[in-house]
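**Q** when you get a sec, could you give me coordinates for this:
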Amino acid sequence: MSKFSDLREECCEANQVLSKSGLVDLTFGNVSVADREKQVFAIKPSGVEYEALHPKDIVIIDFEGTLVEGHLRPSSDTPTHRRLLKAFEGVRAIVHTHSRNAVAFAQTGRSIPCMNTTHADYFYGDIPVTRELTEAEIVADYEWETGGVIIECFQKLNPLHIPAVLVNRHGPFVWGESGLKAVETARALEIVAEVALKAFTLEGSFTPINYALRSKHFLRKHGPTAYYGQNT
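**A** Next comes the predicted model:
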């Protein structure tokens, strides 16, 4: 039995839940889950249909990019996942989708403003959008450099407070403490993107949520003073 069986099962389950969430079309999406103690992560194999995915198909990569276990090629986005996992120490899982409303913002190079409490429940501020990659970055090492522009975008932001980003002209990357939690946050991102688009349609502009209400909604669910939900 593989010593990474639990990691593979968590990653496989998260990818299958992602498939059923409505956030992905065809095979346009993937989830990775890390074991930081062992310095490895599990990720969906490239181009494999979600319905056919089995834990044995999940690929294990170490943090230096070496294949540890697996008989299939890992997702083409693996270098992006690896770069983010190396940079964002509090993160265990990463989700990438092409969910349509979030992509609409990424396509136009616009961040998603924090306008309401639904947004503030998950994200402590606007969802940022990266700069566009340069031609040299695209040609040199596209997927690795995609991670680079995300990290650059978070130089003054806390990735645990805003666990999502829009890659300019591409789509969202989202992260969390587990595979399922990251998928949940990806669903939340798509909801707030849809609501924001509808709000822009109605008003044409936006008024940001006030700081007190934003803080109340985020901090009651996150951090040492959180009181939302049940103790586990």
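**Q** report all helices and strands that the helix or strand bottoming out on mean pLDDT in the chain contacts.
**A** None of the helices or strands of the chain scores lower by mean pLDDT, DSSP states H and E than helix 211-219, at a mean of 88. Packing partners of helix 211-219 (3 or more Cβ pairs under 8 Å, 6 or more residues apart in numbering; DSSP states H and E): helix 117-122. Yep, even glycine has a C-beta here, placed from its N, CA and C like the rest.
**Q** list the buried residues for the next helix or strand after the helix it packs on?
**A** Sequence order places helix 135-153 as the next helix or strand after helix 117-122, per DSSP states H and E. Neighbour-count burial for helix 135-153 flags 143, 145, 146, 147, 148, 149, 150, 151, 153 (criterion: 16 or more other Cβ atoms under 10 Å).
**Q** from those, which is closest to residue 189?
**A** residue 150 (14.2 Å; Cβ to Cβ).
**Q** so where's this protein shaky on pLDDT?
**A** Along the chain, segments meeting pLDDT under 70 span 1, 232.
**Q** can you give me the helices in this protein?
**A** Applying DSSP state H to the chain gives helices spanning 5-20, 78-87, 100-107, 117-122, 135-153, 179-203, 211-219.
**Q** which of those helices sits closest to residue 59?
**A** Of all the helices of the chain, it is helix 78-87 that lies closest to residue 59, at 7.9 Å by Cβ to Cβ.
**Q** spatially central residue for the chain, please.
**A** residue 174 (1.4 Å; Cα atoms, centre = their mean).
**Q** now that residue, which residues is it bridged with?
**A** Counting by DSSP bridges, residue 174 is bridged to residue 95, residue 164.
**Q** tell me how far it lies from residue 76.
**A** 18 Å (Cβ to Cβ, to the nearest Å).
**Q** with residue 215 instead?
**A** Taking Cβ to Cβ, one finds residue 215 at 39 Å from residue 76.
**Q** cool, residue 107 as well?
**A** In terms of Cβ to Cβ, residue 107 sits 20 Å off from residue 76.
**Q** do the same with residue 198
**A** Applying Cβ to Cβ, the value for residue 198 to residue 76 is 33 Å.
**Q** and residue 214, by the same measure?
**A** From residue 214 to residue 76 the distance is 36 Å (Cβ to Cβ).
**Q** check residue 143 too.
**A** For residue 143, the distance to residue 76 - Cβ to Cβ - is 6 Å.
**Q** same thing with residue 89?
**A** 25 Å.
**Q** okay, the two: which has more neighbours?
**A** Taking other Cβ atoms under 10 Å, residue 89 and residue 76 do not tie; residue 76 has more neighbours (12 against 9).
**Q** so what's that one up against?
**A** 46, 143 (Cβ atoms under 8 Å, 6 or more residues apart in numbering).
**Q** phi, psi of it?
**A** phi -60, psi -20 (degrees, to the nearest 10).
**Q** among the helices of the chain, which is nearest residue 40?
**A** Using Cβ to Cβ, the nearest of the helices of the chain to residue 40 is helix 5-20, at 7.5 Å.
**Q** tell me the angle the closest one makes with helix 179-203.
**A** 20 degrees (axes from the mean of the first three to the mean of the last three Cα atoms, to 10 degrees).
**Q** contacting residues around helix 5-20?
**A** Under Cβ under 8 Å, 6+ apart, the answer for helix 5-20 is 2, 24, 29-33, 35, 40-44, 50-51, 53-58, 60, 93, 95, 97, 178-180, 182-183, 186.
**Q** which of the residues you listed are buried? Put it as a ChimeraX command.
**A** Here is the ChimeraX command that selects only those of those that count as buried (16+ other Cβ under 10 Å):
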select :24,29,30,31,32,33,35,40,41,42,43,44,50,53,55,57,58,60,93,95,97,179,180,182,183,186
